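*Asks:* Based on what follows, work out the 3D shape:
(2 chains)
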Amino acid sequence: NAGVTQTPKFQVLKTGQSMTLQCAQDMNHNSMYWYRQDPGMGLRLIYYSASEGTTDKGEVPNGYNVSRLNKREFSLRLESAAPSQTSVYFCASSRNEKLFFGSGTQLSVL
Amino acid sequence: AQKITQTQPGMFVQEKEAVTLDCTYDTSDPSYGLFWYKQPSSGEMIFLIYQGSYDQQNATEGRYSLNFQKARKSANLVISASQLGDSAMYFCAMWEDSSYKLIFGSGTRLLVRP
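*Replies:* Below you'll find the model as predicted:
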């Protein structure tokens, strides 16, 4: 069972570059989430999608955009990367309150 | 306002002893859930235990139990018979039915000594 799959696992960007983090789940979950985790800190919610076709801002949405492409896929886009966006990014999905997490994407912005 | 507070940045415990990790929360939603996740050095998030706000009994999952004190708004994790493999970061998180999202605390790093 794949669960929640994130790509890529690692990425290095230069300031100002753009990129999209991909996330897909195979559990037929309605809700999907993007979190970031900075060193020594907990996860902070960037955006979430309670159901296909809807997206909402979380705690730290600035500098990001999301697309819920279909029920399976939820992508996170950095239009113009900044060093402050260096972090580990986690995607998650859920049917109700229990979230299942992907293995994370380590992003460095130089 | 901080919704989930974990006041212990780091803790030590001797192998085979029990340890309690603290978590307090703040919500006005009558329907909510409390979670604990473990994050080992490999980085993945591992679900440990869940307590619903209407659950009458404290949740238990193997060596993990959740000491839920609703009036005090605390949801402490108790790990019994600590093992070396328990060394990890532990995160408390809260789900509010009104907001439909999971919010995390800042975490506690647990180190189990042999």
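*Asks:* Work out for me the element the most centrally placed residue in chain A sits within.
*Replies:* Centroid-nearest residue in chain A: A:W34, 3.2 Å away (criterion: Cα atoms, centre = their mean). Taking DSSP states H and E as the definition, A:W34 sits inside strand A:31-37.
*Asks:* Quick one: list the elements packing against the helix or strand following that strand.
*Replies:* Next helix or strand after strand A:31-37 toward the C-terminus (DSSP H and E): strand A:43-49. Contacts defined by 3 or more Cβ pairs under 8 Å, 6 or more residues apart in numbering or on different chains; DSSP states H and E place strand A:43-49 against strand A:31-37, strand A:56-57, strand A:64-68, strand A:74-78, strand B:101-104. C-beta: built from backbone N, CA, C; applies to glycine.
*Asks:* From chain B, how far off is the residue nearest to A:E73 when sequence neighbours are not counted?
*Replies:* Nearest non-adjacent residue to A:E73, counting by Cβ to Cβ, 6 or more residues apart in numbering or on different chains: A:A24, 4.9 Å away. Going from A:A24 to chain B by Cβ to the nearest Cβ, to the nearest Å gives 17 Å.
*Asks:* Please identify the residues of chain B in proximity to chain A?
*Replies:* Contact residues (Cβ under 8 Å from any Cβ of the partner chain) of chain B with chain A: B:4, B:6, B:33, B:35, B:43-45, B:47, B:50, B:91, B:93, B:95, B:97, B:100-107.
*Asks:* Surely B:C23 and B:N76 touch.
*Replies:* Yes: in this structure, B:C23 is within contact of B:N76 by Cβ atoms under 8 Å, at 5.9 Å.
*Asks:* Comparing these two, which residue is more hemmed in?
*Replies:* For B:C23 and B:N76, the more surrounded residue by other Cβ atoms under 10 Å in any protein chain shown is B:C23, and the numbers stand at 28 against 20.
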